[in-house]
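*Asks:* predicted model follows, preceded by the sequence.
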Amino acid sequence: MITLKSNHEIELMRRAGKITAAARAVAREMVKPGVTTHQIDKAVFEFIQSQGAVPSFLHYNGYPASVCVSVNDEIIHGIPGKRVLREGDIVSVDVGAYIDGVHGDCAGTYPCGKVSDEAMDLIRVTQESFFRGIRYAREGYRLSDISHAIQEYAESHGYSIVREYVGHGIGHRMHEPPEVPNYGKPGHGPRLLRGMTIAVEPMVNAGTASIIQMSDGWTVKTADGKNAAHYENTILITDGEPEILTDPEKSLV
């Protein structure tokens, strides 16, 4: 069941969103050659705790870390560890923060030092596909209008959309109805209503859309070994333009 948030709940989610966006910024600043993915996780954990919040991902369904760090052909859910980032890598970070009974969730893909033009294009198109999608995150549109716009933009640039993983509703639980696919025909799914809060998160592959689930039970890679990128924000449906609750410009750092 899709829940519409009260004004009080929205205020709580704005706070959670600011902390989450700031945690993403902490991770982004650490994406440099020589840094380990564990160091990124540690910094995010310490930052979220310093704000009086709890990392949403830590122990979620058994996940062992506070942030997902996915490198190059890893699409999502990369587990932080001893891996050392290298010049030319692209690094996806996905973070969540829980405070006052609500969650924020956001992600981004960032270059590690100097990367190829092809890698930067993938990052830019993935991010822009999010913004193309949320043009339709307005009261009265259908959920799949967002999905279709994301797919159309990414595929028009020669990229493919991951099908097996999608965006989601968010609030008191990190994953709530409805699911928010990044593909599909327009004009389908629930009608968008003010007070809905959803996480929109394009996952875009440079090559095939096919994926491989790794033996750790979490990490998802591209089947052809080509790069992938991820961009996500938590948004609020209003009576006008959507509000990005994890807006980097409104974050704490």
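*Replies:* Now that the structure is in, tell me what you want to look at. Numbering: from 1, shown residues only.

*Asks:* contacts, neighbours, all on C-alpha from now
*Replies:* Fine.

*Asks:* avg pLDDT for the longest helix seen in the chain?
*Replies:* Longest helix of the chain, by residue count under DSSP state H: helix 7-30. Over the span of helix 7-30, the pLDDT mean works out to 98.

*Asks:* which other helices and strands does that helix contact?
*Replies:* Secondary-structure packing of helix 7-30 (3 or more CA pairs under 8 Å, 6 or more residues apart in numbering; DSSP states H and E): helix 37-50, strand 90-99, strand 102-111.

*Asks:* can you put the ones you listed in a markdown table and add mean pLDDT?
*Replies:* A markdown table is the format used below for the helices and strands packed on helix 7-30 (pLDDT from 0 to 100):
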| stretch | mean pLDDT |
| --- | --- |
| helix 37-50 | 98 |
| strand 90-99 | 98 |
| strand 102-111 | 98 |
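
*Asks:* ok so, going back, how about the longest helix of the chain, which residues are buried there?
*Replies:* 9-10, 12-28, 30 (16 or more other CA atoms under 10 Å).

*Asks:* extract the C-alpha trace of it and format it as PDB.
*Replies:* Taking C-alpha atoms only, helix 7-30 is exported to PDB below (Å, rounded to 0.1, in the frame of the first residue of the first chain):
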ATOM      1  CA  ASN A   7       3.400  17.500   6.700                       C
ATOM      2  CA  HIS A   8       5.100  16.400   9.900                       C
ATOM      3  CA  GLU A   9       6.500  13.200   8.200                       C
ATOM      4  CA  ILE A  10       7.700  15.300   5.300                       C
ATOM      5  CA  GLU A  11       9.700  17.600   7.600                       C
ATOM      6  CA  LEU A  12      11.300  14.500   9.200                       C
ATOM      7  CA  MET A  13      12.200  13.200   5.700                       C
ATOM      8  CA  ARG A  14      13.700  16.500   4.800                       C
ATOM      9  CA  ARG A  15      16.100  16.200   7.700                       C
ATOM     10  CA  ALA A  16      16.900  12.600   6.900                       C
ATOM     11  CA  GLY A  17      17.400  13.600   3.300                       C
ATOM     12  CA  LYS A  18      19.900  16.300   4.100                       C
ATOM     13  CA  ILE A  19      22.000  14.000   6.200                       C
ATOM     14  CA  THR A  20      21.900  11.300   3.500                       C
ATOM     15  CA  ALA A  21      22.900  13.800   0.800                       C
ATOM     16  CA  ALA A  22      25.800  15.000   3.000                       C
ATOM     17  CA  ALA A  23      26.900  11.400   3.600                       C
ATOM     18  CA  ARG A  24      27.000  11.000  -0.200                       C
ATOM     19  CA  ALA A  25      29.200  14.100  -0.500                       C
ATOM     20  CA  VAL A  26      31.600  12.700   2.100                       C
ATOM     21  CA  ALA A  27      31.900   9.500   0.000                       C
ATOM     22  CA  ARG A  28      32.300  11.500  -3.200                       C
ATOM     23  CA  GLU A  29      35.200  13.500  -1.700                       C
ATOM     24  CA  MET A  30      37.000  10.300  -0.800                       C
END
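
*Asks:* contact partners of that helix?
*Replies:* When contacts are defined by CA atoms under 8 Å, 6 or more residues apart in numbering, helix 7-30 is touched by residues 40-41, 43-44, 47-48, 51, 53, 93-100, 102-108, 110, 171, 195, 234, 245-248, 250-253.

*Asks:* of those residues, select the buried ones using a ChimeraX command.
*Replies:* Command for ChimeraX that selects the buried part of these, burial taken from 16+ other CA under 10 Å:
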select :40,41,43,44,47,48,53,93,94,95,96,97,98,99,102,103,104,105,106,107,108,110,171,195,234,245,246,247,248,251
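
*Asks:* okay, now residue 215: neighbour count?
*Replies:* Look at residue 215: counted by other CA atoms under 10 Å, it has 8 neighbours.

*Asks:* which residue, other than its chain neighbours, is closest to residue 189?
*Replies:* Leaving out its chain neighbours, the residue that sits closest to residue 189 by CA to CA, 6 or more residues apart in numbering is residue 143, at 5.3 Å.

*Asks:* same question for residue 51.
*Replies:* For residue 51, the spatially nearest residue (CA to CA, 6+ apart) is residue 19, at 7.1 Å.
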